[in-house]
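J.: I would like the atomic coordinates for the input below:
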Amino acid sequence: MATNTQESTGETPHENARSYFAGLIFALILTGASFWASSTHLVYSPGIPILLAVLAIAQMGVHLVFFLRISSAPDQVNNFLALVFGVFVVGLIVFGSLLIMTNLNHAMMPTMNQLMQMQR
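T.: Residues are numbered from 1 along each chain as shown. The predicted structure follows:
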């Protein structure tokens, strides 16, 4: 069983550094694009959250591929399954929390204005 990154991936240290540097450049470009998108008036205002979400997903992809070395290679199956399970658990927690908060919001007492209108 290989314990060294170089032995397990078959890459030389020079190729490793080149990959990390490319990931750093992509991450910096995406970060700069996010700051630009949030501060410019050239983007349609209601579309900014969607653009930021797309840039965030792209940023996560860059980190997964260039820094965490997650790929679809046959020797990466366990890492990929762990990633998918983690995303599933986080999605389940977020969706469940939103469901609970929506239910609590629906079950709350009416506001004072609504109470006053109900008395009329």
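
J.: which element follows the helix or strand of the chain with the lowest mean pLDDT toward the C-terminus?
T.: Counting by mean pLDDT, DSSP states H and E, the chain has its least confident helix or strand at helix 5-9, which shows a mean of 52. Using DSSP states H and E, the helix or strand that follows helix 5-9 towards the C-terminus is helix 13-39.

J.: Could you pull out the buried residues of that following helix?
T.: Neighbour counts over helix 13-39 (16 or more other CB atoms under 10 Å) mark 19, 23, 26, 27, 30, 33, 34, 37 as buried. Bear in mind the C-beta positions are built from the backbone N, C-alpha and C, glycine included.

J.: Wait, the fourth one touches residue 63, no?
T.: Spelled out, it's residue 27. Yes - between residue 27 and residue 63 there is a contact at 7.0 Å, judged by CB atoms under 8 Å.

J.: pLDDT (mean, whole number) over the one helix or strand residue 89 maps to?
T.: Residue 89 is located in helix 77-107, with elements delineated by DSSP H and E. Helix 77-107 comes out with an average pLDDT of 91.

J.: Check what contacts the next helix or strand after that helix and list those residues.
T.: Going down the chain from helix 77-107, the next helix or strand is helix 112-119, by DSSP H and E. With CB atoms under 8 Å, 6 or more residues apart in numbering as the test, helix 112-119 has contacts from residue 110.

J.: how about helix 112-119: buried residues?
T.: Under 16+ other CB under 10 Å, helix 112-119 has no buried positions.

J.: From the chain's centre, how far out is it? Work that out for me.
T.: 43 Å (CA atoms, centre = their mean, to the nearest Å).
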